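1. Generate a structure from the sequence data that follows.
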Amino acid sequence: MAAVTQIPAFCEGIQHFGDAPPGFETYGKAPAIAEGSKAIANPTDPAAVYQTLLYADALRYLTLQVTASKASGHPGGFASQTEAYAALVMLGHKNILTEVGHHAPGFYSAMFLDRSLEAMGITTVQQLRDRFREKHGLLGHLSGYIPGILAPAGPLGQGQHFAMAAALLHKGTLFPFTMGDGGMGEPYPMSSMAHFHTAFPSVTNFLPVLVWNGYSQEHHSMVSLHTNTSMTAYWQGNGFEEVVLVDAKDYDDQNQPGAYVDSTAFSPEQRLAFTQAVLTGVDKAAKSALGGKLTVFIIKQLKGAGVHARGAKSHNLYGHHTLDNAEIVAGLKSRSLPAAAWELVRTNCERSTGGSASQVSVTESVLPLVDLGELPLEEYAIAEAKISTTAMGRLVAYVGQKDAQYLVTNADGNEASGIANINQGLKIIHPTEDPLYNQSPKGQVYEPLSEDACAGLAVGLALMGSRSLWCSYESFAINGLPIWQTVTQAMAELRRPTPSTITLFTAGALEQGRNGWTHQRPEIEAYFAAMMRNGNVFPLFPLDANSIQACYEWGLSTVNKGVVITASKSPLPIRTTLAQTRQALQDGAIILHNSGSPNSSDSKTIVFAVVGDMILVPVFEAAKALEAQGYGVRIVSVVSPRRLYRPSDVAWDTCSEPDGDFLDDAGFEAMFGGDALIGVVGGASGMLEPIMLRSAIKRDTIAWKRGETTASAGELMAFNGITAEKLVERAIGLAG
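-> Numbering: from 1, shown residues only. Here you go, the predicted model:
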C-alpha cells in the first residue's frame, strides 16, 4: 500500500488526527488482509494483531465522535468489546448481529469503515455525524433499513433469535451476535439457545459474544461478582461445550483496581498482547462453532474502555457531552489515529469477507423460496359445521411438506388448538422419536415452552427470508409479541422483500369458559389494532373454515407484512365461499345477511359490524328478533379491518413494500350505511375503530369487558353483555 501523504476523502469530519503509534512503520506497511483475500492468513501474525488493534481504536474513535456530534447515543458498551468485533472482521466474519440496541453507533461505525453506508449516501465521517439519529438516517437503534445490518435491535432478549434463525438457514456461515452482561438474562436468551440446541444439535454456527464489562445501563450488572470460573460454569451448565474467555485483567500492567480493567490504559506491548489473545480466542471460538460445538466467546473488559468515561457512566451521553466537552475531547484525542492508519483500517475492512457487509451479508439478497404450487384448498358446503383451525392446519402441513425450510412454532400444543394435523404432517422436533406423540428429530414443528422463543424463531426466519408460522393461544401470545412487533416494524422499512410473518391465534376467550380469566385475554387484539396504523400489519378474522383457508392463502402471497389470523377451534357453520373471503380480504368485510329496508316508510335499518366467528351466533339471533319487530338488519363480517381505515389514517405510504388498498367511501356506505350501527366484537373494541371513525350515523360498540369462569361460551358472552337480548335492546335504543 502506498504511503498516505494526504488525508483520505472519507476522513472529512474527523476532528483529531494523531501521530503514528509505535510500530506503525513495521506493522503498518501493508494491509494484513492481502489483496484478493477475505481474511488475515494467520491470527498470530504480528502485523495482523497490530492492525486488529488499530481497527478497534478506529471503532472507538468513530463511536464516540458520532454520538458526541449529537450529544446523544450510547458509546460505552460497544467500546468495551471493539477488539472482539475487530477480530471477527479481520478473520472474515461479517454476518454479525447484536442483542444490544445500544451498540448501534459502533455497528454504524463498522458499516461506514467497510463502505456499506455508501449505499445510503454516507461517504464521509462528516455525513456519518450529520445523519446519526436523524430521520432517513442512522436511527438510534439498529434497523434493517441500514445497509449491511442483518437485523433490528432494540428490546433486550431478541438478538439470539435472529442469529439462530440465520444459522438454521445458512449452515456454513458463522453468525456471531454480541450480548451484554447487563441484559443476558432478559428475557430468556439462555433458555432459548438451550432449547434450540436440543432441537437442532448440528446447527452450532451461531456464536454468542458476551461483552462482560461489569455494568448494565445505570449500575453494576447482576453478574458482576461472578468469577471467571463461575461464569464459565454457567455457560457450560446451559449446554455450551466450548467457552472461550479472554480477561483483560490478565494483561494489565498498570495495577488497575477491581475485576474489570481498561485495556486502552495498558502499555503498547500489553495492549498488543491482549489483542493477540482476543484474536486467537475469537479464531478458536469461530472454528469451534463452525465445527459442530455449541460455543461462546466472552470478552471481559471494563465498560467504556477507551472513551469518555468508565463503568455505567460511559453508557450514554447527555446534553453537555458535545464535541467541545473536555471529557469528549480527551477521549477522542486518546484514540486518534494518523491518516495513514485510517486508510489501512479501511482497506482491511473493504477486503474482509470479499466486500462490504452491504454486499456480502446473507440478508442483502433475497433467499430463494420453493414454489408451493397451487394450495390444496377444500371448499366446504354452506351450513356445514367445520373447525376453522383444522382446515388451516391441513394447508400448513402441505406447505411444510413442500418447503423443507418451513417451520411452525408453538408453545402450548397444537393438538389443543384443533391443529393436530400439523403435528401429524410435519412432526414435532424432539430428540426422542415417538410416533404416538408425532415426535421426530427431523420434524418441522418447534415447541419450546416459551412464547418468546416461539415468536423469536418464527419471525427471525421470516426476517431472514424464509416462510414460518407462529401458533399460539390468544391468551398467551402477548409474551411473544415484543419481538413480533420489532420484526414487523423492521419489515416496514426493509430494503428487500421477505415473506410476511404469519401467526395463528386460537382458543379465543369465548371458548375458554371453564378455564376462567387466566385463559381469557383477548385484549391482545388492542395491540394489533394499534399496530394497524403502521401500514403493514393485517389482523385477519376469518369467519369459518372456508374463510381461514383464503386468509392463509393470501398471507402466503404477501411480503413484508405482519399477518395475524385469529380463529376458533370449535366447529362453526360455514357461512361463506372461498371467493367471498378473497373479496373480503380486498374490501375489508363481507355482507353476510341483508334483509333490506322494510316496506314501512318509518322503518329503520340496523347494521351490525362484527369482528370474529363465534360472536356471530348471538348477532344472528338478534337479527331475527329485530326483523320480527319490523326492522331491516344487515350483518357485516369484518375480515380485514385494516382495509376499512381511510388512507390518511395509516402510514402505508412510508412502507418499503406499500399496500395502499382501502375500501372507498361508496363501498363503505354500501356496507355500513343505515340508521344505526352497532360494532360487536368478542375481543378489544379497538378493532372496530376504522368503522367508528368513518361512520356518521348513530353508533355504539359492544365488546369484551373481562373474563370469568363459566360453563359455556354463551354464559361468558352474557357476563360481558354480549347477548341477543342486549343487542336488540341497544339497536332499538339507537334507532329510536
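2. can you give me the strands for the stretch 301-450 of the chain?
-> 385-387, 407-410, 428-429, 439-440, 445-446 (DSSP state E, counting those that start in this stretch).
3. Repeat that for the stretch 501-650 of the chain.
-> Under DSSP E, counting those that start in this stretch, the stretch 501-650 of the chain gives strands at 501-506, 537-540, 562-566, 571-573, 589-594, 605-611, 632-638.
4. Including mean pLDDT and distance to Val243, could those strands go into TSV?
-> Every residue, glycine included, has its C-beta placed from N, CA and C. Shown next, in TSV, are these (pLDDT from 0 to 100; distance: least, C-beta to C-beta, whole Å):
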stretch	mean pLDDT	distance to Val243
strand 501-506	96	33
strand 537-540	98	41
strand 562-566	97	37
strand 571-573	96	53
strand 589-594	97	56
strand 605-611	97	51
strand 632-638	98	53
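5. right, and the strands of the stretch 301-450 of the chain - which one's nearest His593?
-> strand 385-387 (18.3 Å; C-beta to C-beta).
6. Could you dump the strands of the stretch 501-650 of the chain into JSON lines and include distance to Thr347 and mean neighbour count?
-> Formatted as JSON lines, those follow (distance: least, C-beta to C-beta, whole Å; neighbours: other C-beta atoms under 10 Å):
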{"stretch": "strand 501-506", "distance to Thr347": "39", "mean neighbour count": "28"}
{"stretch": "strand 537-540", "distance to Thr347": "44", "mean neighbour count": "26"}
{"stretch": "strand 562-566", "distance to Thr347": "42", "mean neighbour count": "26"}
{"stretch": "strand 571-573", "distance to Thr347": "65", "mean neighbour count": "16"}
{"stretch": "strand 589-594", "distance to Thr347": "59", "mean neighbour count": "19"}
{"stretch": "strand 605-611", "distance to Thr347": "59", "mean neighbour count": "26"}
{"stretch": "strand 632-638", "distance to Thr347": "59", "mean neighbour count": "25"}
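7. mind putting those strands in CSV, distance to Ala735 included?
-> Listed next are these as CSV, based on distance: least, C-beta to C-beta, whole Å:
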stretch, distance to Ala735
strand 501-506, 34
strand 537-540, 29
strand 562-566, 30
strand 571-573, 28
strand 589-594, 16
strand 605-611, 6
strand 632-638, 10
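8. For the chain, give me the ranges with low pLDDT.
-> Along the chain, segments meeting pLDDT under 70 span 1-5, 185-187, 597-602.
9. give me every residue that touches the residue nearest to the spatial centre of the chain.
-> Nearest to the geometric centre of the chain sits Val487, at 3.1 Å (C-alpha atoms, centre = their mean). Going by C-beta atoms under 8 Å, 6 or more residues apart in numbering, Val487 touches 152, 459-460, 462-463, 501, 562.
10. Take those residues and keep only those in strands.
-> Those of the contacts of Val487 mapping onto strands are 501, 562, per DSSP state E.
11. Domain parsing of this structure, as residue ranges.
-> 9-359, 388-580, 588-735 (automatic domain parsing).
12. Tell me which of the ones you listed lies nearest to Val370.
-> Closest among the domains of the chain, once you apply C-beta to C-beta, is domain 388-580, at 4.4 Å.
13. Check the offset of the closest one from the chain's centre.
-> 15 Å (C-alpha atoms, centre = their mean, to the nearest Å).
14. Distance across it, terminal residue to terminal residue?
-> Chord length of domain 388-580, first to last residue, is 16 Å (C-alpha to C-alpha, to the nearest Å).
15. any chance of the domains of the chain in a markdown table, with distance to Leu377 too?
-> Below are the domains of the chain laid out as a markdown table (distance: least, C-beta to C-beta, whole Å):
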| stretch | distance to Leu377 |
| --- | --- |
| domain 9-359 | 28 |
| domain 388-580 | 5 |
| domain 588-735 | 16 |
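16. Of all those, which one comes closest to Ile382?
-> domain 388-580 (5.3 Å).
17. what ranges do the strands span in the stretch 101-250 of the chain?
-> 175-180, 206-212, 242-247.
18. Out of these, the one nearest Phe196 is which?
-> Here strand 206-212 is closest among the strands of the stretch 101-250 of the chain (C-beta to C-beta), at 8.5 Å.
19. what helices or strands is that closest one leaning on?
-> With contacts taken as 3 or more C-beta pairs under 8 Å, 6 or more residues apart in numbering; DSSP states H and E, strand 206-212 sits against helix 82-90, helix 159-169, strand 175-180, helix 268-290, strand 295-300.
20. Nearest to Glu689 among those would be which one?
-> With C-beta to C-beta as the yardstick, what comes closest out of the helices and strands packed on strand 206-212 is helix 159-169 (31.1 Å).
21. and that closest one, what does it pack onto?
-> Packed against helix 159-169 by the contact rule (3+ C-beta pairs under 8 Å, 6+ apart) you find strand 97-98, strand 175-180, helix 189-199, strand 206-212, helix 451-463.
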